[in-house]
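Asks: return atomic coordinates for the entry below.
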Amino acid sequence: MRSGRPGGKVRLEDVANLAGVSMKTVSNVVHDHPHVSAKMRERVQSAIDQLGYRPNLTARRLATGRTGMLALAIPEIDQPYFAEIVRYVAAEAAGRGYRVIVEQTLSEVEAERAIISDREEGLVDGVIFHPMRIDTMEIARLRPDTPLVLLGEVARPLTTDHVMIDNVAAARVGVELLIAQGRSRIGFLALVHGDITESTHLRLLGYQEALVAAGMQIDPQLVLESTGWTVEEVMQTLLDALAAGIRFDAIVCRDDLFAMAAMKALDRAGLSVPGDVAVLGWDDTRFARYSTPAISSVSPDKAAIARTALDLLEERMNGYDGVGRHRIAPHAVVERETTAPK
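Replies: Got it, this is the predicted structure:
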């Protein structure tokens, strides 16, 4: 890499001089104007690559009204599901010519309000946001000028586009699979004290609906409650239930980490998976695919979630100003080694 001037930042003029073209031609290539010939585009791009030129985002915004940047705001970067959503959104965005800035809110309401309150205005062309605490009406009142698409189950304002899966239907399908395999005492792991997510309660509703539809008795003892989110706390929840004499032949878990905790607890208690107890996870993350045994899991179509969110966001960025569109992404149950006929 070489600089166009000693100690200085590479300028548009430096690229033009190296390529032997006008600054206007370089600008046309940078801004992807369609009338530039392929030969000229290749010539200018070669000079850009040699010099390591990076377009000034402010200048680009002034010239095109766009920065080419998007923001993705999620609760926790290190939570497996959100980490995979970041990967899918970033890949989909890159295929459309955008770069993605990832922000972590840690489910703090002030951080979520900052996302909604145009903190990103002028820096990015649009925002994809998975809220946890901020409610539907507040999002509607704070409707930002920067195009916005929501993910998840928490908020669905009429003014804002939103992408989610049907958690109730997905839970029903999971429980129906276990019933079809001959499981008759199916537990739910777990409600968590202080849980602010709506997804857990929607999954519990689908679990209950499937049992009722199958004519099976609803036993509140089979809905376990954990004091926290860690693998150790969830393991202890299950071990305490077993120590109290609660028995089950299958467990539906609120996510794949809970499924891993369930398998560790069952192993410690001398119970086999799936021989004694079938285990069904949720989110179909890498943990599920590469654990031993591999975890059967409810699988949201994360690629479809990313694709649909980008479709809606681009339409907003291109001028759509109508009512919010609510899209349901597909889901499936991926059967692996932790479920099998009894």
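Asks: residues contacting the residue nearest to residue 157 when sequence neighbours are not counted?
Replies: Nearest non-adjacent residue to residue 157, counting by CB to CB, 6 or more residues apart in numbering: residue 140, 3.9 Å away. In this view, the C-beta of every residue, glycine as well, is placed from N, C-alpha and C. Residue 140 is in contact with 157-160, counting by CB atoms under 8 Å, 6 or more residues apart in numbering.
Asks: tell me how far residue 140 lies from residue 159.
Replies: Residue 140 sits 5 Å away from residue 159, going by CB to CB, to the nearest Å.
Asks: wait, a helix at residue 306?
Replies: Yes. Under DSSP: H, G, I helix; E, B strand; the rest coil, residue 306 sits within a helix.
Asks: quick check: it touching residue 86?
Replies: No. The pair residue 306 / residue 86 is not scored as a contact, 9.4 Å apart, by CB atoms under 8 Å.
Asks: these two: which has the busier surroundings?
Replies: Applying other CB atoms under 10 Å to residue 306 and residue 86 shows that residue 306 carries more neighbours, namely 25 against 16.
Asks: tell me how far the residue lying closest to that one once chain neighbours are set aside lies from residue 288.
Replies: Among residues not flanking residue 306 along the chain, residue 88 sits closest, at 3.9 Å (CB to CB, 6+ apart). For residue 88, the distance to residue 288 (CB to CB) stands at 16 Å.
Asks: do the same with residue 95
Replies: Applying CB to CB to residue 95 and residue 288 gives a distance of 26 Å.
Asks: the two: who's more crowded?
Replies: residue 288 (26 against 10).
Asks: list the contacts for residue 266?
Replies: Applying CB under 8 Å, 6+ apart to residue 266 gives the contacts 238, 272-273, 276-277, 279.
Asks: neighbours of the closest residue to residue 304 other than its chain neighbours, just the number please.
Replies: What sits nearest to residue 304 in space, not counting adjacent residues and going by CB to CB, 6+ apart, is residue 329, at 4.5 Å. Other residues within reach of residue 329, judged by other CB under 10 Å, total 19.
Asks: what's the distance between residue 329 and residue 216?
Replies: Residue 329 sits 29 Å away from residue 216 when distances are taken as CB to CB.
Asks: quote the end-to-end distance of stretch 215-227.
Replies: Distance between the two ends of stretch 215-227: 31 Å, counting by CA to CA, to the nearest Å.
Asks: begin at 46 from here
Replies: With the count now opening at 46, the last piece we talked about shows up as stretch 260-272.
Asks: contacting residues around that stretch?
Replies: 224, 229-238, 249, 253, 256-257, 278-279, 281-283, 286, 291, 293.
Asks: got a PyMOL select line for the buried ones in those?
Replies: To isolate the buried ones among the contacts of stretch 260-272 in PyMOL, judged by 16 or more other CB atoms under 10 Å, type:
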select buried, resi 224+230+231+232+233+234+235+237+249+253+256+279+281+282+283+286+293
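Asks: which of the contacts of stretch 260-272 fall in strands?
Replies: Among those, the members falling in strands (DSSP state E) are 231-237.
Asks: thinking again about what came up before, give me the buried entries from the contacts of residue 185.
Replies: Buried among the contacts of residue 185 (16+ other CB under 10 Å): 202, 205.
Asks: closest to residue 62 among the contacts of residue 185?
Replies: residue 205 (47.2 Å; CB to CB).
Asks: wait, what's in contact with residue 376?
Replies: Contacts of residue 376 (CB under 8 Å, 6+ apart): 210-211, 214-215, 218, 343-346.
Asks: now residue 91
Replies: residue 64.
Asks: how far off centre is the helix or strand where it lies?
Replies: Residue 91 belongs to helix 83-96 when assigned by DSSP states H and E. Distance, stretch centre to chain centre, for helix 83-96: 36 Å (CA atoms, centre = their mean, to the nearest Å).
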